[in-house]
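Chemist: The following block contains a protein sequence and its predicted model.
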Amino acid sequence: QGPRPLPEGWSGFLSYKVSDSTVDAIYEEWKTNHVESCGDGTSRVKRGSEDNGDTVSEGIAYGMLLAVGHDDQALFDELWAFFEKYSVGGLMQWKLSGCSGVVDSNNATDAELDAAMALIQASCKWSSETYKADAASLLGAVISQLSATKGGNSTLLPGKTGFSGECLNPSYVAPGYYRAFANVDTANQAAWNDLAADAYPLLNGVANGTTGLVPDWSGCEGGKSANYTYDATRTPWRVATDYLWYGTPEAKTFSDRVTNWVAALPEGLAGVRDGYTLTGSQTGQYVNAAFTGAFATAAFTHSQERADSFGQVLNNIRGSNYFGRSLKALYVLLATGRFDKSCY
């Protein structure tokens, strides 16, 4: 089989090289390994033993996106209830030891963005004005508490406390989301449109001009990583989403640059490891689906040939831990047209 039909309004290229059976199997594997009922009408997403089976807000939001993508409304509601239970001022405390026990009360802004997008997708899939209202409320909290500027460009603080406006986590920049948010949180429409307009100046300002790789963190204090490792690896997925949903030209330029670099590696996508300097020198030693899969989604802006060749690698790679399983499960939803902005 060749091209996979694009959902209405999408741009780019999808491929049957990523199979529907893979999408379903990775979701079931993720649920088995990482979802736990807390017994009070909520459920959590637990990380692996290397993180003492703890809970982070990012994982709850990933779970919400996966649940709506798999039409699993019962789990969606339990995860959203958990998110709300541990929110302060609308923003979820980012780290807990388990079903309770707050370890760090600061938020992590990517979780708010992913949870809001999940609520929007849920409002469309399940025809719910309640989810839409919840999304608008959450987005209002984000704008009111996290808005900042970096180099004259609109951005969001990575967390409510401990960060200056000059501190940027590129993997939190989600221009495709912002365009959808402007249509839901209409009270802050101008702010979301500004974030979308300024996303590529921010990303291109920190990306390497040849490889397209971005740092985990930029302009931050505290010795945070300036290489392309476990934070930055989500950036190609976020940018590819903007092109697939909205056909944004800057997204294609950004994605094509990074996959041109990947395609020129000695082993191509199959040779990708879990860390690089921005100039492309390898610092990691392991294959991880979070890295391989993000580059695969970026290929869907380029050509059918690259969508097929990179898609085959994405289909075959196994997620071996919380991060790899969760992100592969999200990547394959996008790769098969099941990760959609829906009616917005």
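Modeler: That came through, no problem. Predicted model only: the values in this text are computed from it and were never measured.
Chemist: just checking, next helix/strand downstream of the lowest-mean-pLDDT helix or strand in the chain?
Modeler: For the chain, counting by mean pLDDT, DSSP states H and E, strand 3-4 ranks last in confidence among helices and strands (a mean of 94). Taking DSSP states H and E as the definition, the helix or strand that follows strand 3-4 towards the C-terminus is strand 14-15.
Chemist: So what touches that following strand?
Modeler: Strand 14-15 is contacted by residues 2-6, 300, 304, 307-308, 311-312, 335-337 when judged by Cβ atoms under 8 Å, 6 or more residues apart in numbering. For glycine as for every other residue, the C-beta is placed from the backbone atoms N, C-alpha and C.
Chemist: let's go with 7 Å and repeat that
Modeler: Judged by Cβ atoms under 7 Å, 6 or more residues apart in numbering, the contacts made with strand 14-15 from elsewhere in the structure are 3-4, 6, 300, 307-308, 311, 335-337.
Chemist: circling back: report the distance from the least confident helix or strand of the chain to the chain centre.
Modeler: With Cα atoms, centre = their mean, to the nearest Å as the basis, strand 3-4 stands 23 Å off its chain's centre.
Chemist: what's the closest of the contacts of strand 14-15 to residue 170?
Modeler: Of all the contacts of strand 14-15, residue 170 sits closest to residue 300, with 19.6 Å by Cβ to Cβ.
Chemist: can you confirm that closest one is in a helix?
Modeler: Yes - remark: residue 300 belongs to a helix, assigned using DSSP: H, G, I helix; E, B strand; the rest coil.
Chemist: measure it to residue 105 for me?
Modeler: When Cβ to Cβ, to the nearest Å is applied, the distance between residue 300 and residue 105 equals 38 Å.
Chemist: repeat for residue 172
Modeler: For residue 172, the distance to residue 105 (Cβ to Cβ) stands at 19 Å.
Chemist: Could you do residue 196 as well?
Modeler: Using Cβ to Cβ, residue 196 is found at 30 Å from residue 105.
Chemist: of these two, who's got more company?
Modeler: For residue 196 against residue 105, the residue with the higher neighbour count under other Cβ atoms under 10 Å is residue 196, and the figures read 23 against 15.
Chemist: Which secondary structure element is home to the closest residue to that one other than its chain neighbours?
Modeler: In this structure, residue 196 finds its nearest non-sequential neighbour in residue 178, 4.0 Å apart by Cβ to Cβ, 6 or more residues apart in numbering. Secondary structure assigned from DSSP H and E places residue 178 in helix 175-184.
Chemist: For that helix, which residues meet the burial criterion?
Modeler: Of the residues in helix 175-184, those with enough neighbours to count as buried (16 or more other Cβ atoms under 10 Å) are 175-182, 184.
Chemist: farthest pair in those?
Modeler: Taking every pair in the buried residues of helix 175-184 and measuring Cβ to Cβ, the maximum separation is 15.4 Å, between 175 and 184.
Chemist: picking up where we left off before, report all helices and strands that the helix holding residue 178 contacts.
Modeler: helix 109-125, helix 129-146, helix 189-206, helix 235-246 (3 or more Cβ pairs under 7 Å, 6 or more residues apart in numbering; DSSP states H and E).
Chemist: Which strands and helices lie in contact with the last one?
Modeler: Right, the one you point to is helix 235-246. Taking 3+ Cβ pairs under 7 Å, 6+ apart as contact, the helices and strands that helix 235-246 lies on are helix 175-184, helix 249-263, helix 289-298, helix 322-335.
Chemist: ok, the closest residue to residue 26 other than its chain neighbours to residue 233 distance?
Modeler: Counting by Cβ to Cβ, 6+ apart, the nearest residue to residue 26 once its immediate chain neighbours are dropped is residue 329, at 4.7 Å. Here the criterion is Cβ to Cβ. By it, residue 329 lies 15 Å from residue 233.
Chemist: and what of residue 3?
Modeler: Taken as Cβ to Cβ, the spacing of residue 3 relative to residue 233 amounts to 27 Å.
Chemist: neighbour count winner among the two?
Modeler: For residue 3 versus residue 233, the count of surrounding residues by other Cβ under 10 Å is larger for residue 233: 27 against 12.
Chemist: can you count the residues close to residue 320?
Modeler: Neighbouring residues of residue 320 were enumerated by other Cβ under 10 Å; the total is 14.
Chemist: and it, which of the three is it?
Modeler: When classified by three-state DSSP, residue 320 comes out as coil.
Chemist: before we move on, what about residue 155?
Modeler: Secondary structure for residue 155, judged by three-state DSSP, is strand.
Chemist: what about it, how many neighbours?
Modeler: The tally of other residues near residue 155 (other Cβ under 10 Å) stands at 24.
Chemist: how close does it sit to residue 217?
Modeler: 13 Å.
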